[in-house]
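# Give me coordinates for this.
(chains A and B)
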Amino acid sequence: AQSVTQLGSHVSVSEGALVLLRCNYSSSVPPYLFWYVQYPNQGLQLLLKYTSAATLVKGINGFEAEFKKSETSFHLTKPSAHMSDAAEYFCAVSGAGTASKLTFGTGTRLQVTL
Amino acid sequence: GAGVSQSPSNKVTEKGKDVELRCDPISGHTALYWYRQSLGQGLEFLIYFQGNSAPDKSGLPSDRFSAERTGGSVSTLTIQRTQQEDSAVYLCASSSYRDFQETQYFGPGTRLLVL
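Reported below is the predicted structural model:
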């Protein structure tokens, strides 16, 4: 069985500060890992994905995440927060290879303050 | 269209009524997924289609829930005899089987409220 755990349901940062959203995974097979963002009243938008090609993954809007097998982590970071980054962020895992359902974490709501 | 579309965007119904939710995937995407997002349960997988067949229905919460896909394209999720606990946002996603590094693209969702 696969699962992800997101630490912190709410994170607040100042504009310009580092954003760090935590995700730990559990998987019996090499995982595919994803970060999605959801803006109010919208669907999910893919930020980035890890599929074993490279441990440091760069995504859209200046976000990146590093896959650390030894720590079973896939934390999302952005060097400098912008007001437009305020949203809910979901970490997700699926099995490698063929089409597979996503198992999501509980989400982290990011607040960006002036 | 360019993305996944879902209709209706909002649906209010009375307890006991049936509802149908529609999903139009990205053209050419062979895989289609339904998820449910609710306050109590977060984001949950419901069912997956490959073409018109559904190899994984493990997430459907009860036999009141069913889904079909026709022509390898449009999918309909039907909830019979709706209950208040069915209130949630129902999200559809599609992906291309040609892309080994599969990415699921999500629609905006249908917000269902059962009174």
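# For stretch A:73-86, measure first residue to last.
23 Å (Cα to Cα, to the nearest Å).
# try stretch A:65-77
Terminal-residue distance, stretch A:65-77 (Cα to Cα): 6 Å.
# pLDDT on that stretch, on average?
Mean pLDDT, stretch A:65-77: 95.
# any weak-confidence spans in the chain?
No chain in the question, so chain A it is. Segments of chain A classed as low confidence (criterion: pLDDT under 70) are A:96-99.
# oops, I was thinking of chain B
Applying pLDDT under 70 to chain B flags residues B:1, B:97-101.
# just so I have it, where are all the helices in it?
Applying DSSP state H to chain B gives no helices.
# Could you list everything the residue positioned nearest the centre of it pairs with in the sheet?
Centroid-nearest residue in chain B, with Cα atoms, centre = their mean: B:Trp34, separated by 3.3 Å. Note on B:Trp34: beta-bridge partners by DSSP bridges are B:Ile47, B:Cys92.
# I'd guessed it sits against B:Ile47; true?
Yes: B:Trp34 is within contact range of B:Ile47, at 5.0 Å (criterion: Cβ atoms under 8 Å). C-beta here means a position set from N, CA and C on the backbone, and glycine is covered the same way.
# show me the contacts for the residue nearest to A:Val4 when sequence neighbours are not counted.
Ranked by Cβ to Cβ, 6 or more residues apart in numbering or on different chains and with sequence neighbours excluded, the top spatial neighbour of A:Val4 is A:Gly105, at 4.3 Å. The neighbourhood of A:Gly105, defined by Cβ atoms under 8 Å, 6 or more residues apart in numbering or on different chains, consists of A:4-6, A:23, A:90-92, B:42.
# Okay, A:Gly105 and B:Cys92: tell me how far apart.
Plainly put, A:Gly105 is 20 Å away from B:Cys92 if you go by Cβ to Cβ, to the nearest Å.
# Report the distance from stretch A:81-91 to the chain centre.
Here stretch A:81-91 is found 10 Å from its chain centre; the criterion is Cα atoms, centre = their mean, to the nearest Å.
# which ones are touching the residue nearest to the centre of chain B?
Counting by Cβ under 8 Å, 6+ apart, B:Trp34 touches B:23, B:45-48, B:59, B:67, B:75, B:77, B:90-92.
# Quick check: nearest residue in space to residue 17, chain neighbours excluded?
This is for chain A. Excluding the flanking residues, the one nearest A:Ala17 by Cβ to Cβ, 6+ apart is A:Ala81, at 5.4 Å.
# that's the wrong chain, I meant chain B
In space, B:Lys17 comes closest to B:Thr82 once its chain neighbours are excluded; the distance is 5.7 Å by Cβ to Cβ, 6+ apart.
# mind checking the backbone torsions on that neighbour?
In terms of degrees, to the nearest 10, the main-chain angles of B:Thr82 are phi -60, psi 150.
# For B:Pro8, see how far away it is.
Look at B:Thr82 and B:Pro8: by Cβ to Cβ, they are 14 Å apart.
# neighbour-wise, which of these two wins?
Shown here are B:Thr82 and B:Pro8; by other Cβ atoms under 10 Å in any protein chain shown, B:Thr82 has more neighbours (21 against 13).
# Secondary structure element for the most centrally placed residue in chain A, which one?
Among the residues of chain A, the one closest to the centroid is A:Trp35, at 3.3 Å (Cα atoms, centre = their mean). Using DSSP states H and E, A:Trp35 sits in strand A:31-38.
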